[in-house]
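Student: Just to be clear, the model below is a prediction. Sequence and coordinates:
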Protein chains: 4
Amino acid sequence: MYVLMDIMVSPGGVGISVSPYVAHCQKIFQEAGLTHKMHGYGTNVEGEWEAVMAAVKRCHEDLHAMGAVRITSHMKLGTRTDKDQTLQDKVDSVNDKM
Amino acid sequence: MYVLMDIMVSPGGVGISVSPYVAHCQKIFQEAGLTHKMHGYGTNVEGEWEAVMAAVKRCHEDLHAMGAVRITSHMKLGTRTDKDQTLQDKVDSVNDKM
Amino acid sequence: MYVLMDIMVSPGGVGISVSPYVAHCQKIFQEAGLTHKMHGYGTNVEGEWEAVMAAVKRCHEDLHAMGAVRITSHMKLGTRTDKDQTLQDKVDSVNDKM
Amino acid sequence: MYVLMDIMVSPGGVGISVSPYVAHCQKIFQEAGLTHKMHGYGTNVEGEWEAVMAAVKRCHEDLHAMGAVRITSHMKLGTRTDKDQTLQDKVDSVNDKM
């Protein structure tokens, strides 16, 4: 099952600057070989369900190890059975209508 | 790793009424033995990370099998290392301040 | 336009305990006369669009005044034209299917 | 009060293809003169609170007029008082750490 995800990871108890923690999760997605693209409010990630979820879990585990005592992730998960579709396909589909 | 989750599952391509699909996911959480409580915009679920994620995956798989060609889930996932906390603890903590 | 909302307000830069801030937003919804119900990952609120949005804005303004230098709110907003529906109607509709 | 927003608008009762509706909201953000950038799971929008919220409301109103009987928007709203920050600043800050 292929999944299109969006994730915003919010570490707590680490002060105001959260960018080092967000950067670490980017590296996890990269090392996992997942297609991923950061935007201003999260990161689009896509791949097989198990691989994507393993990366999310590793992100929580690593950020706790880096000192974040509290982590909240906000995620969107999309699966479909009628056709293959990537996140870029979704963006292209909207651009085609404009 | 214990996780506090909130999930709203949105099946697409099934017409306006989505309640039978949402009800099916409630049964999945119930059968998985997870603490869960529905509200007007989703369901609070808590338990061990692997058990919670397996239930989410089964929810997508089953709803596709029931005819939903497109499913989007919106989730919040919270983990913390400083203390044990349930979703009810969070509600109680706010109520204590009022 | 009647709107069904779910909102989770996350103040940043205030340490680990956010419950006093969440409690303050509950009071704002209460004083605004909006139907509202807290759960483990946010609060369901419903009412006329302008009244609901004014309460959300006041929540951000007041929490900044209370010392939160950074606030992120996660919201769901639902409107429909085919029938009147409350958040309780949505819960009842799912329970009827179980 | 300047706000950084992310919004994903989901029209219901319109079949599987939602891209014409999403495209219309892009035009609304454009016409409102708001900084905006679409990604695979929504659109980053930023500007003054009142202008941003007026655009969101117009999006719901217009999509209902276009035939969507049910609309759910998922939004993130961020405000801060300690410094001026754009959505691009947030992306740059993470990239600097990588």
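Tutor: It's in.
Student: Spell out which residues of chain A are next to chain C.
Tutor: For chain A, the residues in contact with chain C under the definition CB under 8 Å from any CB of the partner chain are A:10, A:12, A:13, A:15, A:16, A:69, A:70, A:72, A:74. Heads up, the C-betas are built off the backbone N, CA and C, glycines and all.
Student: now the residues you listed: which count as buried?
Tutor: Using 16 or more other CB atoms under 10 Å in any protein chain shown as the burial test, these include A:10, A:12, A:69, A:70, A:72, A:74 as buried.
Student: List of residues touching the helix or strand hosting residue A:56?
Tutor: In this structure, residue A:56 is located in helix A:49-65 according to DSSP states H and E. Contact with helix A:49-65 is made by A:1-3, A:5, A:7, A:9, A:11, A:21, A:24-25, A:28-29, A:32-34, A:45-46, A:71, A:73, A:75, A:79, B:1, B:49, B:53, B:57, B:60, B:77, B:79, B:81, as judged by CB atoms under 8 Å, 6 or more residues apart in numbering or on different chains.
Student: For PyMOL, what selects the buried ones among the residues you listed?
Tutor: Buried residues among the contacts of helix A:49-65 (16+ other CB under 10 Å), as a PyMOL selection:
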select buried, (chain A and resi 3+5+7+9+11+21+24+25+28+29+32+34+45+46+71+73+75+79) or (chain B and resi 49+53+57+60+77+79)
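Student: Show me the contacts of helix A:49-65 that map onto helices.
Tutor: A:21, A:24, A:25, A:28, A:29, B:49, B:53, B:57, B:60 (DSSP state H).
Student: so what pLDDT did the fourth one get?
Tutor: Reported pLDDT at residue A:28 in the predicted model: 98.
Student: What number of residues are in the vicinity of residue A:83?
Tutor: 9 (other CB atoms under 10 Å in any protein chain shown).
Student: who are the neighbours of the worst-scoring helix or strand of chain A on mean pLDDT, in terms of helices and strands?
Tutor: Taking mean pLDDT, DSSP states H and E as the measure, helix A:87-96 is the helix or strand of chain A with the lowest mean score, a mean of 93. For helix A:87-96, the packing partners by 3 or more CB pairs under 8 Å, 6 or more residues apart in numbering or on different chains; DSSP states H and E come out as helix D:19-31, strand D:35-39.
Student: Pull out the CA atoms of it and give them to me as PDB.
Tutor: Extracted as PDB, the C-alpha positions of helix A:87-96 are listed here (Å, rounded to 0.1, in the frame of the first residue of the first chain):
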ATOM      1  CA  LEU A  87       2.300  14.100  -4.600                       C
ATOM      2  CA  GLN A  88       3.700  15.900  -7.700                       C
ATOM      3  CA  ASP A  89       0.700  14.500  -9.700                       C
ATOM      4  CA  LYS A  90      -1.600  16.200  -7.300                       C
ATOM      5  CA  VAL A  91       0.100  19.500  -7.600                       C
ATOM      6  CA  ASP A  92       0.200  19.100 -11.400                       C
ATOM      7  CA  SER A  93      -3.500  18.300 -11.500                       C
ATOM      8  CA  VAL A  94      -4.400  21.600  -9.800                       C
ATOM      9  CA  ASN A  95      -2.000  23.600 -11.900                       C
ATOM     10  CA  ASP A  96      -3.600  22.200 -15.000                       C
END
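Student: can you list contacts of that helix?
Tutor: Applying CB under 8 Å, 6+ apart, the contact partners of helix A:87-96 are A:4, A:35, A:37, A:44, A:46, D:17, D:19, D:22-23, D:26, D:38-41.
Student: For PyMOL, what selects the buried ones among those?
Tutor: Those of the contacts of helix A:87-96 that count as buried under 16+ other CB under 10 Å are selected in PyMOL with:
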select buried, (chain A and resi 4+37+44+46) or (chain D and resi 19+22+23+26+38+39+40+41)
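Student: give the contact list for the nearest residue to residue A:23 once chain neighbours are set aside.
Tutor: Of all residues not flanking residue A:23 in the chain, residue D:97 sits nearest, at 3.7 Å (CB to CB, 6 or more residues apart in numbering or on different chains). With contact set as CB under 8 Å, 6+ apart, residue D:97 has these partners: A:19, A:20, A:22, A:23.
Student: what's the most distant pair in these?
Tutor: For those, the maximum inter-member distance is 7.5 Å, found between A:20 and A:22 (CB to CB).
Student: how much distance is there from stretch A:3-10 to the middle of the chain?
Tutor: Relative to its chain's centre, stretch A:3-10 lies at 3 Å (CA atoms, centre = their mean, to the nearest Å).
Student: what's the answer for stretch A:37-50, then?
Tutor: On CA atoms, centre = their mean, the centre of stretch A:37-50 falls 3 Å from the chain's centre.
Student: cool, and stretch A:47-58?
Tutor: With CA atoms, centre = their mean, you get 9 Å for stretch A:47-58.
Student: Tell me the bridge partners for residue A:75.
Tutor: Beta-bridge partners of residue A:75, counted by DSSP bridges, are residue A:7, residue B:75.
Student: how far away is residue A:31 from residue A:3?
Tutor: Note on residue A:31: its distance to residue A:3, by CB to CB, to the nearest Å, is 18 Å.
Student: Next, the distance between the ends of stretch A:13-25.
Tutor: 17 Å (CA to CA, to the nearest Å).
Student: what distance separates the start and the end of stretch A:8-26?
Tutor: With CA to CA as the measure, stretch A:8-26 spans 11 Å from end to end.
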